[in-house]
Structures are given as structure tokens and as C-alpha cells.
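Enquirer: can you look at this prediction? I've put the sequence above it.
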Amino acid sequence: MAFQGPLNKFRYGAPLLLLPLLLAGCSSGGAEGDTRGKGTPGRGGPGTEASVSPGSSASASSPASASASLDADPARLPKTRSAALAFIGEVIADPDSFGPEVVKRSPYESGPDTWPVLGADCAWEQRKPADSVLATLTRSFELPAVKGKGPLRLGAVVTVHRTREDARWEMAESLEETMRCPTQQLREGEVVGSMVSGALLQGESTQKNSEDALTEFGQFQSAELGGPYHYTWQQAQTLQFTVAVTGKGAKGRTEKEIDNLMVEGLATMLVRLESAVEKQS
């Protein structure tokens, strides 16, 4: 594998950071919502209430191929729940994946039998994972508050689907959710609004790191932390896997600071994913 130093970070980070600039014209208008319900940094998949429009750029029928640098070994792809859980353990970010000052939040991990779904009221809630999901896990992190800066909260998600098609549907529905709900209730006391999202398939613009890449950003408002602050969600799909990171801003935190942490976390998981499934010489 050719993953070395700063070049690796640029290879995996730059295309995703460019997405907000490339897709700035994709904003969907909508009224601000209320603050009911609960949610996590995760996203829904097949079986959620979201519908996928035929014209969606991330629809499951969109042509895509595996990453040009990824030669996957079919024997290393998880086919059971236990294998999927072990795979997630290898791939999912830990605090050091984002940076030396990032720490675990409590609760640190979601239960393995929960799946976040965006309801008809645009509020996130926990349900049983869809049948297409072999395993999924969400972890929560924080860059602690320092003088003049509030706590910057981060999340990482890895989901193993039964098939590549199932993973593509998750990406398509993630894009559709932002169009349907430009304002969303993440959990009690947390709302994100004015959201913009868009996707780039592999080969479009500078996106070369995954079969499909999605960026979503908006304004985060918290009863605890105030706001509005910068909010970003970045998700990538390769084979039957999706990996994602989320960043919730706070007082004194710049967009660049948040996005740099996001790039580090997502890049780490993409490198680990490739290492976990590629053919070994």
C-alpha cells in the first residue's frame, strides 16, 4: 500500500474538504424545525422512512467501482455479524485518529443493536438495525474546552452491510435526508439547520478515495453550548462498508480547525479499511 506521511493525508483529505465548495449550489430551503426527539451522529439505511428520488446523484443504481488502489480479497470481506464486529474494531477511529488532544466522550460507544433513523418529524431516534446491516458502531469524542474555546464534539461511525448495494442505498438515503429535512433534531437540545449536502462518485472532480463520498454541512445550535456554530458530516462508501465522521462546532472554534480534525479521522478509517480487506502479497 502506498500510504506514507503527508501525501497520504492529502490524498484522503483534500477531496472531501473540497465538496462544500463544489456543492454550494445544492442547498435546500426549509423552515426551522422544533427541538423534539433524540439522535446520534449516525445515519439511516435501507428500511428508514426516507425515500430516494430517482434523480439523486447518489442513487443505488449509480455506476461505481471499487477504489482504483483497492484490490480486495473476497476472503477478507466479513460475511457474519461476528466478523463484521471484528472488522469494525479494526477500522473505527479512536481519539488519536483525530489528534493528540482529542479524548473519549461518555457514553463512548453506541450499543451494537441500535440504528439511528430520521423520523417524519425530522428528529433522529434509535431503532433496531435494518436487515441489510451486519454490524454498526458509533463512537463519540471531544476536543476539550480551553481558554476562549468551547468543547468541540466529534463522532465516528462504521457500518458493515451485507452487500455493496445495501451500502450504496445508505449513501443515497443520507443525501435524501438532508433534502427532506434541512433542519434536523440531533437529540434533545441539539439542532442543526441551514444544511447543504452533495455527493461525488469516484472519478468526479477530485474524488478518488471511495466509490461514493458525501459531505453535509450547516449550522449547529445547542442548548448547552449556544450557537450557531459550524457543523460538518462526511461519509464515504467502498464495497459493503460506509465510514463517517461528524463535527459540531463551539465558541471560538474555526471551520478550518473542525474540518482538519474531520479529515484526520476519516483518512485514518479509510486507510484502515483498505488495509483490512486488500489482497496480501
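Expert: Here it is on my side, so go on.
Enquirer: from the contact counts, what lies against the longest helix along the chain?
Expert: Secondary structure of the chain per DSSP state H: the longest helix is helix 255-277. Helices and strands touching helix 255-277, as assessed by 3 or more Cβ pairs under 8 Å, 6 or more residues apart in numbering; DSSP states H and E, comprise helix 5-22, helix 81-91, helix 95-98, strand 152-161, strand 226-238, strand 241-248. C-beta coordinates here come from the backbone N, C-alpha and C atoms, glycine included.
Enquirer: need the least confident one among the ones you listed, by mean pLDDT.
Expert: Mean pLDDT per stretch puts helix 5-22 lowest among the helices and strands packed on helix 255-277, at a mean of 38.
Enquirer: not counting its neighbours along the chain, what's nearest the residue positioned nearest the centre of the chain?
Expert: Closest residue to the average C-alpha location of the chain: A244 at 2.4 Å, with Cα atoms, centre = their mean. Spatially, and ignoring its direct neighbours in sequence, A244 is nearest to Q235 (3.8 Å; Cβ to Cβ, 6 or more residues apart in numbering).
Enquirer: is the one you found bridged to anything, and to what?
Expert: L214, A244 (DSSP bridges).
Enquirer: about what we covered before: which of the helices and strands packed on helix 255-277 sits most buried?
Expert: Most buried of the helices and strands packed on helix 255-277, by mean neighbour count (mean count of other Cβ atoms under 10 Å): strand 241-248, with a mean of 27.
Enquirer: just the CA atoms of that strand, as PDB, please.
Expert: The C-alpha trace of strand 241-248 is given here as PDB (Å, rounded to 0.1, in the frame of the first residue of the first chain):
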ATOM      1  CA  PHE A 241     -18.800  -0.500   4.000                       C
ATOM      2  CA  THR A 242     -19.600   3.000   5.000                       C
ATOM      3  CA  VAL A 243     -17.400   5.200   7.300                       C
ATOM      4  CA  ALA A 244     -18.300   8.600   8.500                       C
ATOM      5  CA  VAL A 245     -17.300  11.500  10.800                       C
ATOM      6  CA  THR A 246     -19.200  14.400  12.200                       C
ATOM      7  CA  GLY A 247     -18.000  17.600  13.800                       C
ATOM      8  CA  LYS A 248     -20.100  20.000  16.000                       C
END
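Enquirer: which secondary structure elements does it sit against?
Expert: Counting contacts by 3+ Cβ pairs under 8 Å, 6+ apart, strand 241-248 is packed against helix 81-91, strand 152-161, helix 164-180, strand 226-238, helix 255-277.
Enquirer: quick one: the fourth one to strand 152-161, angle?
Expert: Angular relation of strand 226-238 and strand 152-161 on a 0 to 180 degree scale: 30 degrees, by axes from the mean of the first three to the mean of the last three Cα atoms, to 10 degrees.
Enquirer: burial of F220, as a residue count?
Expert: Applying other Cβ atoms under 10 Å, we find 26 residues neighbouring F220.
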